[in-house]
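1. Following is a predicted model, sequence given first.
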Amino acid sequence: MRRLLATLVIAGAALLGSAAPAFAHNVLSDSNPKAKSQVEAGPAEVMLKFDQEVQDGFNTITVTGPNGTRWEGGTPKVSGSVVTAALLPLGPAGEYTIGYRILSADGHPVTGAVPFTLTKAGNGTPTTATLSPQAEGSTNAQAEGSTGTPVWLWIVGAGVLLIAGVAVALVLAKPAKKA
């Protein structure tokens, strides 16, 4: 019985210890423009600040405007927990969405979106790329807070591993039969 209890305690500690990093993804803490803000003129760059450092090199920022037009003007730059990207001068008044996919310090990709509204039309011209209706739908899903793998999937996986560990421990704990 002591062996079983010790095995369960060790398996539980290992499970909890290994699951903690999976819940430590970066979270957007600030942005410029701010989420759901109204601006009269488009900024020269967008800024996204996260609660943890961001790995450099695998990050994407897109800025989508009315009718699926694209307005980003350069490669994202990382400085600690801040990611910035140049922005083309904006065009028509309306809703714009800053979509992002960054690589968090723990190695997991984090996606999301920051919507804002341009209240006065600018004189900018979008890039040649526009989003298809399917891609625009995925940007809307990002705006609703999608961040990748659902937590329940990690919990179910941890439960399966725990049950498998207990089953193995029970099989190994049975005394051998004498002939």
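-> Cool, got the structure.
2. so how far is Pro33 from the closest residue to Gly74 other than its chain neighbours?
-> Nearest-residue entry for Gly74: Ala86, 3.6 Å, with adjacent residues in sequence omitted and distances by CB to CB, 6 or more residues apart in numbering. Placement of C-beta: from N, CA and C, glycine included. With distances taken as CB to CB, to the nearest Å, Ala86 is found 14 Å from Pro33.
3. Comparing the two, which residue is more hemmed in?
-> Comparing Ala86 with Pro33 by neighbour count (other CB atoms under 10 Å), the higher total belongs to Pro33, at 20 against 16.
4. so who does that one touch?
-> With contacts defined as CB atoms under 8 Å, 6 or more residues apart in numbering, Pro33 is in contact with Val39, Pro43, Val46, Ile98, Val114, Phe116.
5. how about a cut-off of 6 Å?
-> Val39, Phe116 (CB atoms under 6 Å, 6 or more residues apart in numbering).
6. can you check Gly159 too?
-> The contact partners of Gly159, by CB under 6 Å, 6+ apart, come to none.
7. Would you mind writing the CA trace of stretch 167-177 as PDB?
-> What follows is stretch 167-177, C-alpha atoms only, in PDB (Å, rounded to 0.1, in the frame of the first residue of the first chain):
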ATOM      1  CA  ALA A 167      -2.000   1.000 -13.900                       C
ATOM      2  CA  VAL A 168       1.700   0.300 -14.500                       C
ATOM      3  CA  ALA A 169       2.400   0.800 -10.800                       C
ATOM      4  CA  LEU A 170      -0.400  -1.600  -9.800                       C
ATOM      5  CA  VAL A 171       0.900  -4.300 -12.200                       C
ATOM      6  CA  LEU A 172       4.500  -3.900 -10.900                       C
ATOM      7  CA  ALA A 173       3.400  -3.900  -7.300                       C
ATOM      8  CA  LYS A 174       1.700  -7.300  -7.400                       C
ATOM      9  CA  PRO A 175       3.800 -10.000  -5.700                       C
ATOM     10  CA  ALA A 176       5.100 -12.800  -8.000                       C
ATOM     11  CA  LYS A 177       3.200 -16.100  -7.600                       C
END
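8. Okay then, goodbye and thanks.
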